[in-house]
Structure formats: C-alpha cells, structure tokens
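Participant: My questions are about this predicted structure, shown below with the sequence.
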Amino acid sequence: MNWQPTRMAFVTASVFLFAGIHSFGAQAPVGSDKSKAPPSKNAQPDHSKTTVATSTSRGSHSRGTVTPSVIREPSQGRPIFITPGETFYFVMNLPQSFTGDVSFALQHALEPDLQYPLRPKTPPSYLNDEYCSLVLEVRPSTPLGLYDLVVKTSAATHYSRRSVKVVGKFKDKFRFVHLSNMNVGDLTAPEFDEMLPKEVNLLAPEFIVATGDYTEWARALDDASSWIRVLRYFEKFNAPVFMLCGLHDHEASFAQFVASDPIGTIDYGNYHGLLLLDHAGNPIDQDYSQIQWVDADLKRHRQRRMNFIVSNSDELGLIDVWRERGNIRKFMDDHKVKLYIAGGSSDWDYKEFAAKLKGLDGFHFIRTHESSTCMRDRATGFSHYRVIEVDGDKLSYTYHPDDAAEKLQYSIPTGRLRAYFDAPNDGTAGRIVATVQNALNQSFRDARIWLRLAKQGDDAKPIVAPGRLVRVLDVGKYWACEVAFDLPDKGAVRIVASMNAADLPPAPPIAVAFEGSRNWAFTAETTDFGLNYFSSRAPAQLKLTNQSETTQSCWPVIRLNGAKLHPDRKVVPRVPMLLKPGQTVSLPLMLNLRRVSPGAHELQVYFLEDPLSRLKTFDVNLSFQEAVSKIQDESTMDQNE
C-alpha cells in the first residue's frame, strides 16, 4: 500500500471524522451521473464489487446549494501515484444511495470510455454509519496513465477526478509545473485561462503544484460553490494537481471539496513535498501544531533524495522559524530541504525576502507570476507558469526571455506553445498531422501529444513518425495514441500518425553531422545600408553524406534561434544539391543573425524533400563577444540564487 499519511491522515475512519469534515446530504456530487440500470440479478460475480451498508436511522444532515465530494481519499486536490498491482487506502462518506453492491474502478482521464476495475482487498470499515474506508488494489494489467476514481451503486455514480496516476516507475529526471495565484473574479481576470492547460499538457509534467488564490472573492463572500468552478478548471490538465488553499479561497469548505486537509504531502518516488497552510490569515510561524507536523514529517523523510516546501505565502515564515532555532544550514542539509515554492503575483526579483536566504547557498526559492490575466502588483496581464526540470539533485526553472528588461526569476508566458491539426483529433480520421510550434526561448525534451485514429477494419495498429509511440489504447472504434517528441526552441515539430504505412515516407537517406565549435560569440555589425545584425566567426560546418546507392537531391533548411542560417554561398552556390552515392559535402555556416538570445539553443536541420520535416538537432551556446563571462554567469543564475 503506497498511501502516505499527512498531519491529519485517515488511518481510521474516526481520525477522518476528527479532521472536521462534515457530511452533507445524500446527493450526487458535481460530476456524478445516474446509472442507466441496476445490476442484473443474474450477473456473474464481480470481484471489483463489495457490499456497503448504510443506516436508514441516521439523523438528517444539513443541505446546501452545493454538495461536497463523496470520495474523500484520494481526492482531486491530493492525488496519489501508484504502480500496477499496488494497493491504496480509500475513504468515502456514505450517502443514503449507498446500499447493496458498490463497484470501484479507474476511468481513464483522457479516454473516459476505458474503465479498469479495482479489487477491494479488505472488508469496509465504518464509523457511525457516516464514513467507510477500505483498501483497493490496482490490477497489474491496468495501463499507465492518469485516472478518475469511480464508485458506482445502483442509484448513482461518484467521481474523484484526476486523483490516481498509475506509473511504471518513478523517475529521477522529470519535470513538474508550478501554477501561481489566479484571482479569478477580479475585473481583469473574469475567467480561468483556457490556454494554460493546453500548453502545460504538451509539456507532460509528472505533476502540478497550484499554490492557491484561485478566485478573488470566495472567502469574502463565503462562497463554497467557488470550488466547483476551480475543480472543473483543473480537470483540463492531464497531470495530477496538488492544490493549496490561499488567503482568498474558501478555506472552510476546502475539506469538503478539495482534500481532507489543507496541509498535506506529495510523494513522487524519492522526492517528497510538504504542502503548507501558510497565508496572511494563517501564517505558519504562528501555527505551532503545523510546525510540529513539518518537523516530524521531515524527520520521517530525511533519507529522501530531495524534500521541498510548497506555500501560498512568499514571506518564508518557515525559514524564520528554522533560523531562530540556530544552525539552519545544518538542519536543512540533514533533512534534504532544497527547494521552497511560493505563490505570488510576480516573478521573484531576487530582492524581496532575500535577507532571509543569507547563507543558504544551493537552496532554491521560487516565486511565480500570476497564472491568469489578473493585473495586480507587477503582474503583466498574461498568464504565466513555471516549468521545474529535475535531474537528480539539480534543478532548472528560470526562463530567459529575449525582452528581459530587469533581473527577475522569469517564468513562462502563455501564448507561445501551440498545436495544429489537419483533421479532427476525435477518432474519426485514419490519418492526422499534428504540428507543434514552440515560440519560446527554451527547448523541451519528451513533450507529449494525444492523437486518435479511426480503425480500418483489421487488427493493424497506428504508426507514427517522427515521434515515439509511447502507448496505444483500444477505445472501440478508434485507437488513442500517446506520442512523445522533442520540441526545439523557437521551432516546430511535425508528427504524422496513420493507419497506412504509405502515409509515412522514409526519411531522406542523408546523414547530417556537425563539426566545429559549439560556443558562438557574436558581435554587433551594420551593413552599408544601415541594417543591424550580429555575426560570429566561430568555425562551424555541417557535413551531409548520401547513404543510399542512388543520387539524391537535397535542400537543407537550417534554423537557429527562430531564424534561418545559410551555408557559405562560395561553397554552396545553389540549392538543391545533388549528392552521388556515398558522397559527403561540407557546408560552412555563415553565422549571421538579426537577433541573439544568449544561452543554450538547438541548431535545427531538416530537408525540404522530406514531407515530415524530420529534424536533426545539435546543441550550441550563444553569447555576445563583449560580455561572454557575464552571460555565462546569468545562464546559471537559477543554480546559485
């Protein structure tokens, strides 16, 4: 069983009740639907079912205009990671509709027609006919992916959306995303940003941390129904979302809708996160019981590779507590605390609260710009999100925009990652071309896209190029395909998925190699007619080799930093070129750009003759000649501050 306890964890149903979660009336929660028919009396035994009894003598419960979730653990705001064949702890309250057989299943979050039964491993345990708990097993044959937890009776179906992620193994190299304040309901943020989940989903984070303040007026107006809107928005993300409660959120109903307790944990393999209830209305440095829980939790997990803190407040109150005790450096090293993530309205400027971080070299503090269009403090009116790349003990999380006007811990603005499809991506087409464009000054390895292809009447499965087919799911009339690909900076990738091999022509038989320096320092130049540009004299050339037995025509397209590069016209006077069998030609590159973005980039090469525009990429680093050292220092700024 991989369930991990939190400060008020539900080891028994009695502890669950002690947490202060009150049962509402026996109504179907938001997102529930009625089953079409009760189970047949002649149906075969189903080991995914168990019999749950409810008492008809219970007193009446208060009823409101909104209904809390029936499933309490795991929940949408406190999802779990689990591997096939493992068990997890399950808790639900007992509405009157829960009588007789109850079945449990995982429903695929992206393909809801796919359900996989869960097997109860223990009899249900009860507390005052109010709550029920038991242990459920994920069957070994369950495909990897993100799931809704489904509980069915003859009267109703209840869901815990996006609450279970089935993983094959836990990674030491992965990414996750931070979503900061949203304050939806403010005049400048009337709605949640629909672009945000579309972009984040392309990057396929292992999980998302959302640090609260999702709405502006929920607490002030005592609006518990605000959680319905918030949760429906987070259903759009194809990753588990760990949700905090912020100052503006309706904290009194957080336990009914989001998670059993606003304080909790994240457990992803060897990485452990602590989710705090820390905002101006409940500062952690004045919450002694929460501080005790933090100390105990860190002590239990001090052998993890990395522990990290997630908070709504950016005032680093927990750092103050640890510093007052003395020897904070030793405490954080002993307990592997390496990262502190906080909500906010703007990216950290390396100045606010910086004094609190004195002497904590190697410790990372992150604060991210508003994740909505809300304009307050220094927010720009564009939603932002932060991608945190984890590689063992190393972290990378600062975006480097071209138009940076000041020293900030920049996050990523929305609007620069897009996917285009040449046919409906709904399973009705037998061939689909997806083009993913990245206008960001950053590349992303192992991005993902979900493609659906109509079946062709036989058992043939889809084929994909140039991406990597991660998994294929049979959804009846169509195949659902998860495709992985590498997305270069300021470039694009074209992916073709088809049921017909003829739709995916082979790549041109031309090998591409790079020779020369990969560190290119540029100086400013001006033509005699006044055009400004940058030029580098670094030696760099491509070598093209015809690996076929026939003469090949090839027209290489070379891109860097969102612009085209050209080979030396003296060596290559015209394109396309004709390469004889086995012939190798060298293409010296003219390194002239109208714009230089210092830092890591990918030199991208494809052939115009290739309808799939399959890329060959080479890592290079750009800098300005007069400020090479300064640029190199800034490119590693997020490792040192």
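Facilitator: The structure has been received and is ready for your questions.

Participant: residues in contact with the helix or strand hosting residue 578?
Facilitator: Taking DSSP states H and E as the definition, residue 578 sits inside strand 577-579. Here strand 577-579 makes contact (C-beta atoms under 8 Å, 6 or more residues apart in numbering) with 510, 544-546, 551-555, 585. C-beta coordinates here come from the backbone N, C-alpha and C atoms, glycine included.

Participant: Next, the residue located most distally from the centre of the chain: secondary structure please.
Facilitator: Using C-alpha atoms, centre = their mean, the residue of the chain lying farthest from its centre is residue 528. It sits 49.1 Å away. Classification of residue 528 by DSSP: H, G, I helix; E, B strand; the rest coil places it in coil.

Participant: And residue 147, by the same measure?
Facilitator: Assigned with three-state DSSP, residue 147 falls in the strand class.

Participant: Identify the bridge partners of it.
Facilitator: Under DSSP bridges, the beta-bridge partners of residue 147 are residue 108, residue 164.

Participant: Next, work out how far apart it and residue 369 are.
Facilitator: Plainly put, residue 147 is 31 Å away from residue 369 if you go by C-beta to C-beta, to the nearest Å.

Participant: And these two? Which one has more around it.
Facilitator: Neighbour count, other C-beta atoms under 10 Å: between residue 147 and residue 369, residue 147 has more, with 30 against 27.

Participant: for this structure, which spans come out with low pLDDT?
Facilitator: 1-66, 97, 626-641 (pLDDT under 70).

Participant: Map the structural domains onto the sequence of it.
Facilitator: Residue ranges for the domains of the chain, per automatic domain parsing: 13-39+47-166, 173-413, 417-503, 510-638.

Participant: which ones among the contacts of strand 577-579 are found in strands?
Facilitator: Mapping the contacts of strand 577-579 onto strands (DSSP state E) picks out 510, 544-546, 552-554, 585.

Participant: Could you export those as CSV, including neighbour count and distance to residue 384?
Facilitator: Formatted as CSV, the ones in strands among the contacts of strand 577-579 follow (neighbours: other C-beta atoms under 10 Å; distance: C-beta to C-beta, whole Å):
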residue, neighbour count, distance to residue 384
510, 22, 41
544, 21, 41
545, 14, 44
546, 22, 47
552, 20, 46
553, 14, 45
554, 20, 41
585, 19, 45
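
Participant: Need the max-distance pair from those residues.
Facilitator: Greatest spacing in the ones in strands among the contacts of strand 577-579, by C-beta to C-beta: 545 and 553 (14.7 Å).

Participant: Is residue 254 in a helix, a strand, or coil?
Facilitator: Under three-state DSSP, residue 254 comes out as helix.

Participant: any idea how far it lies from residue 81?
Facilitator: Going from residue 254 to residue 81 by C-beta to C-beta gives 22 Å.

Participant: do residue 481 as well
Facilitator: From residue 481 to residue 81 the distance is 23 Å (C-beta to C-beta).

Participant: before we move on, what about residue 566?
Facilitator: 49 Å.

Participant: out of these two, which sits in the busier spot?
Facilitator: Between residue 566 and residue 81, counting by other C-beta under 10 Å, residue 81 is the more crowded of the two (21 against 14).

Participant: Distance of the more buried one relative to residue 215?
Facilitator: For residue 81, the distance to residue 215 equals 28 Å [C-beta to C-beta].
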